[in-house]
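[1] quick check, what structure comes out for this input:
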Amino acid sequence: MTTQYPPSNMPVPGGPGMPGDPPGSAPGGGPPGGGPGRDDSYFTESRKGEVNELRQLLRTFGTERDKQRKRDIMKKVIAYMTLGIDVSRLFTEMMLAIETRDLVIKKMVYLFLCNYAETHPDLAQMCTNTLVKDSGNEDPMVRGLALRALCSLRLPQMIEYTSEPLRRSLQDGHAYVRKTGVMGILKMYHLNKEEFDKAAFNDILYDMLRDPDSSVVRTDFCRICQLFYADLPGMALNRAVMLHLLNRIHEFSEFGILSVLDLVPRYIPANDEEGYQIMNLLDPVLRTANAGAVVATIRAFLSISDAIGKRPGDHREEDSPTTDDMKRQVCVRIKAPLVTLIASGSNELTYVLLKYADQLIDLCPGIFDDEYRQFYVRYSDPTHIKHSKVRILAKLANPDTAPDIVAELGELVADVDETMGRLAVRSMGVIALHDSGGQGAVESIARRLMEMLDLCISHVSSEAATALASLVRRHPSIIAVVSAPLPRALRYITEPTGKASVIFLLGEYGESIDEAPYALEKVIDSYESMTDTVKTALLAATVKLFFQRPPELQQMLGRLLKKATEDVSSQDLHDRALFYYRLLRSSPEPNVVKNIISEPMNMSTDQFAEEDDSELRAALMNEFNTLCTVYRCKPENFVEEENICAFVKMPKEHPLPREAAVAPVVVPGVNTITDQLGGASMTNPTGPAPVVGPAPAPTGEVDLLGFGDDSLAQSAPSQYSVNSLQSLSLKSDVSLTGEIFESKWGTLPDTDAMVISALPMRSAPLSTDSVETALSAFNVFTMASGELPTEFKFFLYGQEDDAFGGGYFLIQAILAKTPPSMTLTIKTIGGDVDPNKKKEKMYQLVELLKSALDVE
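    Just a heads-up that it's a prediction; the model follows:
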């Protein structure tokens with residue numbers, strides 16, 4: 001029996017069963033030109049292949065009734081396109097397939113069009129009319145997908161077709177379409193900035209911040225930040241923009257919250273009261289599990305503290321908190337959440353948070369001391385985290401915590417990690433050097449360091465000797481405690497740094513150490529085998545000890561000077577030796593030389609001048625919550641100058657004087673009635689009630705959101721006369737339905753509302769009925785009310801008599817139980833056109849409510 005090879009059922013390479021061959025190649029991989037013994041029909045356009053097979057399937061696409069099979073055909077086209085096979089020849093067939101109600105198929109067709117738009121611009125223009133038509137489809141998902149595809153073509157010649165659908169989408173009734181339009185604006189900006197500016201999309205983006213849908217606001221806000229990230233001064237900020245975003249921060253996702261928090265350090269509060277209100281509003285963010293949000297809030301708090309804290313030369317009350325006082329209060333508040341995140345985060349997150357904690361400890365020493373156990377090294381900690389914790393432990397020492405911290409560091413000295421052992425010894429030395437351990441701590445640590453000199457661990461003995469050298473210079477009284485083991489230690493320490501430190505101590509305090517000259521003599525005898533560091537220390541120590549014990553050192557010094565002056569391996573050592581030789585030989589008065597050389601080298605401060613990094617720490621605080629803290633260097637050290645974004649605070653001038661009182665930030669959730677009845681406020685305002693008064697004269701500040709005058713804070717008369725209440729006359733027969741109330745409330749922007757917080761009451765109401773009865777006597781009626789564990793909530797309304805304008809007053813009242821207080825949010829519709837008269841009547845209504853509810 002003859003076997004056919006290849007089998008008839010095996011796909012021929014290059015045929016329809018082998019999709020691996022590139023399109024247009026000959027079957028079997030042969031040259032397209034044909035050859036002897038070849039049938040030219042293989043190389044004609046009528047041959048079967050991947051693209052031709054797909055074309056045949058797409059031509060029957062319109063008559064295909066199986067929805068899943070249609071999707072499979074489209075998936076096959078997209079799969080080939082993803083593999084890099086050129087399927088652009090199917091453009092015409094794909095355009096015909098776009099007329100479908102299946103969103104999945106439409107999405108794949110749009111992906112096909114966008115993929116080949118840049119390489120085949122002539123083909124992309126063929127689909128323009130179809131995309132523009134779909135952008136007006138009745139289905140919002142189709143409108144959004146078409147708009148996204150239209151903006152993703154990224155062809156300069158498409159700008160004229162894109163602008164109008166893009167502008168129309170921003171007024172669309174569906175949030176998805178509006179959000180897609182906002183994204184399209186960013187693509188248009190990168191495609192053609194001149195057309196972007198000509199179409200005034202910049203102003204439109206700021207106007208979109210008022211959109212009722214939080215996802216649109218979040219997307220719009222992020223796009224604004226992206227557009228102006230590299231352009232100074234960045235996103236334009238004024239009081240209206242900042243407070244609007246803060247009032248809606250609870251509606252945003254975690255990413256949106258982080259974006260808003262990044263703006264807060266750039267905003268300068270109008271005055272102290274507004275700064276406190278912003279901090280109260282952001283305080284709940286510290287209770288989240290998102291470390292990025294917590295750190296961003298910390299930076300916002302520190303920035304506000306800088307802005308509103310009292311500085312030297314400020315003309316404020318004597319009891320006003322200074323900037324340093326406020327920063328300490330901020331550190332106290334953020335200590336618990338930061339320590340919790342450090343203990344519960346991943347290794348990478350813990351390391352970064354430790355860097356921030358280290359920076360805050362330097363800013364406010366003593367705040368984190370009681371949490372020192374949280375910084376103990378764990379066995380499972382990675383090496384880099386262990387090192388960071390050991391460095392921090394030294395800064396947390398005080399008379400109460402130092403014994404435990406020193407004991408913990410003592411356990412780490414003999415760790416198998418050499419760097420860990422060195423850091424542990426250095427940290428013990430830092431505690432003693434700063435004398436932060438209290439009485440007796442310096443001597444106790446010095447004895448521990450002496451014991452380490454005799455350990456058979458070279459790096460530990462060397463670090464202990466170095467720490468002792470600095471410690472004795474700072475506290476000379478402990479030389480009697482540490483002098484005994486120095487000659488013995490000199491024989492066993494092998495590292496140059498440690499040996500040089502011991503030689504320094506023998507030369508500086510050798511007068512009280514009997515064996516000092518003889519210990520140095522042995523080192524002089526092995527001069528050739530020493531490093532330059534040890535040689536330099538030996539020369540200085542020998543010359544200094546010579547003036548304390550001349551008979552024993554004379555011969556040794558002569559031999560040492562001879563060797564050092566002939567040594568050309570180190571220019572510095574050679575010059576020092578010549579200097580000492582000429583000074584000793586030419587000076588007629590030995591006491592003059594002794595006064596020069598034997599000057600004590602005691603330290604009057606805790607650190608050397610080259611170790612003072614206060615300037616760097618101040619610069620890093622300005623870059624808090626950036627990589628500068630992790631790298632511990634300024635941005636110009638690792639970022640190119642043209643890529644560094646300057647940090648510009650805004651606004652430069654506020655419409656309010658600093659001493660003016662401001663209206664509080666609107667309680668989150670005031671936009672909808674259901675949110676207020678079912679949700680709790682994120683803020684917990686404390687302190688005296690702010691005084692609200694008539695608006696000041698308009699200023700030159702631009703109102704980017706179109707909210708009217710940015711000046712929401714005003715100064716008001718401290719009291720209203722009883723006669724002023726008589727001009728407010730309310731109807732006794734007015735009624736509103738819940739739908740009308742909610743509609744009227746939602747149409748008014750929150751910034752037009754008057755908000756007055758924490759008006760003290762003589763006593764808390766017993767029930768909602770008692771409040772409703774008292775208010776109805778003044779023609780203020782209740783739309784809805786409810787009792788919560790800590791407060792009563794009311795939605796109230798009233799209408800002026802027609803003779804006085806007939807305007808409606810919509811009121812939200814929150815009556816706290818402990819301590820008894822009242823918070824009001826008042827909106828007005830209709831009535832007087834003059835805003836000043838309208839505000840005056842709102843003040844009169846406040847007094848009327850205070851009278852009805854017995855508010856102080």
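[2] make it CA atoms for all contacts and neighbour counts henceforth
    Fine.
[3] what is the three-state secondary structure of Ala784?
    Following DSSP: H, G, I helix; E, B strand; the rest coil, we place Ala784 in the strand state.
[4] pretty sure it is touching Leu810, no?
    No. Ala784 lies out of contact with Leu810 (C-alpha atoms under 8 Å); the separation is 11.8 Å.
[5] these two touch, right, Cys331 and Leu360?
    Yes. Applying C-alpha under 8 Å as the test, Cys331 and Leu360 come out as touching, 7.2 Å apart.
[6] Three-state assignment for Asn779, please.
    Three-state call for Asn779 (three-state DSSP): coil.
[7] do Ile811 as well
    strand.
[8] give me the neighbour count for it.
    Residues near Ile811, counting by other C-alpha atoms under 10 Å, number 25.
[9] how about it, what does it touch?
    The contact partners of Ile811, by C-alpha atoms under 8 Å, 6 or more residues apart in numbering, come to Phe795, Leu796, Tyr797, Leu824, Thr825, Ile826, Lys827.
[10] ok, it to Pro265 distance?
    Ile811 sits 33 Å away from Pro265, going by C-alpha to C-alpha, to the nearest Å.
[11] Asp207 too?
    Asp207 sits 23 Å away from Pro265, going by C-alpha to C-alpha.
[12] tell me which of these two has more neighbours.
    More neighbours surround Pro265 than the other of Asp207 and Pro265, with 25 against 15 (other C-alpha under 10 Å).
[13] wait, that one sits on Ala300?
    Yes. Using C-alpha under 8 Å, Pro265 is in contact with Ala300, at 5.0 Å.
[14] excluding chain neighbours, what is closest to Gly144?
    Of all residues not flanking Gly144 in the chain, Val177 sits nearest, at 4.7 Å (C-alpha to C-alpha, 6 or more residues apart in numbering).
[15] let's verify that neighbour: helix, strand, or coil?
    Going by three-state DSSP: Val177 is helix.
[16] longest single helix anywhere in the protein?
    When the chain is scanned for its longest helix (criterion: DSSP state H), the result is helix 323-344.
[17] what's the average pLDDT for the next helix or strand after that one?
    Next along the chain after helix 323-344, taking DSSP states H and E as the criterion, comes helix 347-363. Averaging pLDDT along helix 347-363 yields 94.
[18] may I have helix 347-363 as PDB, with CA atoms only?
    Only the C-alpha atoms of helix 347-363 are listed here, as PDB (Å, rounded to 0.1, in the frame of the first residue of the first chain):
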ATOM      1  CA  ASN A 347       7.600  45.800  53.000                       C
ATOM      2  CA  GLU A 348       7.900  48.400  50.200                       C
ATOM      3  CA  LEU A 349       5.200  50.500  51.800                       C
ATOM      4  CA  THR A 350       6.700  50.200  55.300                       C
ATOM      5  CA  TYR A 351      10.100  51.400  54.000                       C
ATOM      6  CA  VAL A 352       8.700  54.500  52.400                       C
ATOM      7  CA  LEU A 353       6.500  55.300  55.500                       C
ATOM      8  CA  LEU A 354       9.600  54.900  57.700                       C
ATOM      9  CA  LYS A 355      11.300  57.600  55.700                       C
ATOM     10  CA  TYR A 356       8.400  59.900  56.200                       C
ATOM     11  CA  ALA A 357       8.300  59.100  59.900                       C
ATOM     12  CA  ASP A 358      12.000  59.800  60.200                       C
ATOM     13  CA  GLN A 359      11.400  63.200  58.600                       C
ATOM     14  CA  LEU A 360       8.600  64.000  60.900                       C
ATOM     15  CA  ILE A 361      10.600  63.000  64.000                       C
ATOM     16  CA  ASP A 362      13.300  65.500  62.900                       C
ATOM     17  CA  LEU A 363      10.600  68.100  62.500                       C
END
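[19] quick check: next helix or strand after it?
    Following helix 347-363 in sequence order, the next helix or strand is helix 383-395 (DSSP H and E).
[20] buried residues in that following helix?
    Ile385, Lys386, His387, Ser388, Lys389, Val390, Arg391, Ile392, Leu393, Ala394, Lys395 (16 or more other C-alpha atoms under 10 Å).
[21] what about Tyr116, distance to Met420?
    Separation of Tyr116 from Met420 (C-alpha to C-alpha): 58 Å.
[22] also Asp306?
    Taking C-alpha to C-alpha, one finds Asp306 at 37 Å from Met420.
[23] who has more neighbours, those two?
    It is Met420, of Asp306 and Met420, that has more neighbours when counted by other C-alpha under 10 Å, with 21 against 18.
[24] list the contacts of that one.
    Met420 makes contact with Lys386, His387, Leu412, Val413, according to C-alpha under 8 Å, 6+ apart.
[25] neighbours around Arg762, how many?
    By other C-alpha under 10 Å, 12 other residues sit near Arg762.
[26] look up how far Ser776 lies from it.
    In this structure, Arg762 and Ser776 are 20 Å apart, going by C-alpha to C-alpha.
[27] circling back: between Cys331 and Leu360, which one's more packed in?
    Higher neighbour count among Cys331 and Leu360: Cys331, with 23 against 20, using other C-alpha under 10 Å.
[28] who's in contact with Phe624?
    Applying C-alpha under 8 Å, 6+ apart, the residues contacting Phe624 are Arg299, Tyr356.
[29] can you read off the pLDDT for Tyr720?
    Tyr720 carries a pLDDT score of 33 in this model.
[30] wasn't Ile757 part of a strand?
    Rather than Ile, residue 757 is Ser. Yes. Assignment of Ser757 by three-state DSSP places it within a strand.
[31] show me how far stretch 451-465 is from its chain's centre.
    Centroid separation for stretch 451-465 versus its chain: 43 Å, with C-alpha atoms, centre = their mean, to the nearest Å.
[32] avg pLDDT for it?
    Computed over stretch 451-465, the mean pLDDT rounds to 91.
[33] what's in contact with that stretch?
    In contact with stretch 451-465 (C-alpha under 8 Å, 6+ apart) are residues 413-414, 418, 421-422, 425-426, 449-450, 485, 489, 493-495, 497-499, 501-502.
[34] now, of those residues, which are buried?
    Among the contacts of stretch 451-465, those classed as buried by 16+ other C-alpha under 10 Å are 413-414, 421-422, 425-426, 449-450, 489, 493, 497-499, 501-502.
[35] nearest to Glu318, of those residues?
    Arg426 (42.5 Å; C-alpha to C-alpha).
[36] and the pLDDT at the closest one?
    Arg426 carries a pLDDT value of 94.
[37] tell me how many other residues crowd Arg101.
    Per other C-alpha under 10 Å, the neighbour tally for Arg101 reads 10.
[38] how far away is it from Ile268?
    With distances taken as C-alpha to C-alpha, Arg101 is found 52 Å from Ile268.
[39] also Asp769?
    Relative to Ile268, Asp769 is positioned 44 Å away (C-alpha to C-alpha).
[40] of the two, who's got more company?
    A direct count of neighbours by other C-alpha under 10 Å for Asp769 and Ile268 places Ile268 higher, at 24 against 11.
[41] ok, the more buried one to Gly256 distance?
    The value you get for Ile268 to Gly256, if C-alpha to C-alpha is used, is 21 Å.
[42] cool, and Lys594?
    Computed as C-alpha to C-alpha, the Lys594 to Gly256 distance reads 70 Å.
[43] quick one, which of those two is more surrounded?
    For Lys594 and Gly256, the more surrounded residue by other C-alpha under 10 Å is Gly256, and the numbers stand at 20 against 16.
[44] apart from its neighbours in sequence, what residue is nearest that one?
    Closest residue in space to Gly256, ignoring its immediate chain neighbours: Arg218 at 5.7 Å, by C-alpha to C-alpha, 6+ apart.
[45] tell me the confidence at the residue nearest to Gly144?
    For Val177, the model assigns a pLDDT of 88.
[46] check contacts around it.
    Contacts of Val177 (C-alpha under 8 Å, 6+ apart): Pro140, Met141, Arg143, Gly144, Ser169, Leu170.
[47] buried among the residues you listed? Need that as a selection in PyMOL.
    Restricted to buried positions by 16+ other C-alpha under 10 Å, the PyMOL selection for those reads:
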select buried, resi 140+143+144+169+170
